[in-house]
Structure formats: C-alpha cells, structure tokens
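Undergrad: Sequence unavailable; structure follows:
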C-alpha cells in the first residue's frame, strides 16, 4: 500500500463526491423533499456553520474507502474494479444509512428513495475515482 496514492485517491474521491452530490442535491425534487422536514434537516444557511465537520467526516470516509481499495488491489486496478468497489460501497450506504434513516427519522419514502439514488451515484463514482487515481 502506498500512503501517498491513498491520500491522493481520497482527496480526488472527496471532490468527485461533492461534484456528483452537487448535481443531485440541486435538483428541485430533492430540495423540495428536504424542505418538507425542517425539524429533521438543517436549512442551507444553517448547515454552513457545521460544513467543516461534515467535510472532515467525508474525507475520513474517503480515506477508509481508498485504504480498503488499496488492500483489495495493492498494485492498483482499472475502472471495472472501481465500479465493483463503488457498487459495494453504494449497497453498504443503502443499508447503513438510507434504509436505517428511513426507519429512524420521520421522513417519507420519496425522500429516502431520492437519497438512495443520489448516494448510490456518489459512492459508485467514488469507487471509480479511487480506482483511477490509486497506483500501488
């Protein structure tokens, strides 16, 4: 495992995550669904005050994902391996985040479905980006 490549892959994955997320979460349907639950979700302005914590958390997650990928593919791997890895990450987040939050939070099926689609796209992209950047 090469720590420099892991760090580079993690940062690249973080950028990709925010780019894909920016597209999905800017869609009016997503904003409309989040707005239905103001007691559950912070407004855009209110979330800015805790943005650094969220970004740090995501960078930590990207570091773990890049490390897992490096352990699976010590010499690096291509796009197919990244897609497979990203799909595993997407299924993991679906179970550990989207479906769990649907059970715990008082939110509707529509929002949970949209979150599932958005996060799946983000994490599949993360897997691909890590595979493109990481070189053992």
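TA: That came through, no problem. What you are looking at is a predicted structure, and each value in this text was computed from that prediction instead of being measured.

Undergrad: on contacts alone, who are the packing partners of whatever helix or strand residue 102 lives in?
TA: Element membership for residue 102, per DSSP states H and E: helix 99-104. Helices and strands touching helix 99-104, as assessed by 3 or more Cβ pairs under 8 Å, 6 or more residues apart in numbering; DSSP states H and E, comprise helix 109-133. In this view, the C-beta of every residue, glycine as well, is placed from N, C-alpha and C.

Undergrad: Let me see the mean pLDDT of the helix it packs on.
TA: In this model, helix 109-133 carries a mean pLDDT of 97.

Undergrad: Show me what that helix is packed against.
TA: Partner elements for helix 109-133 (3+ Cβ pairs under 8 Å, 6+ apart): helix 3-25, helix 28-35, helix 51-72, helix 79-93, helix 99-104.

Undergrad: List the contacts of the helix holding residue 102.
TA: By Cβ atoms under 8 Å, 6 or more residues apart in numbering, the residues outside helix 99-104 that reach it are 107, 109, 112, 115, 116.

Undergrad: Try it again at 10 Å.
TA: Applying Cβ atoms under 10 Å, 6 or more residues apart in numbering, the contact partners of helix 99-104 are 40, 93, 94, 107, 108, 109, 111, 112, 113, 115, 116.

Undergrad: ok, residue 130 - contacts?
TA: Residue 130 touches 5-6, 8-10, 12-13, 16, 62, 65-70, 73, 76-77, 81-82, 85-86, 89, counting by Cβ under 10 Å, 6+ apart.

Undergrad: Can you report how many residues lie near the closest residue to residue 133 other than its chain neighbours?
TA: In space, not counting the residues next to it along the chain, residue 133 is nearest to residue 9; the distance is 4.1 Å by Cβ to Cβ, 6 or more residues apart in numbering. Neighbour count for residue 9, taken as other Cβ atoms under 10 Å: 27.
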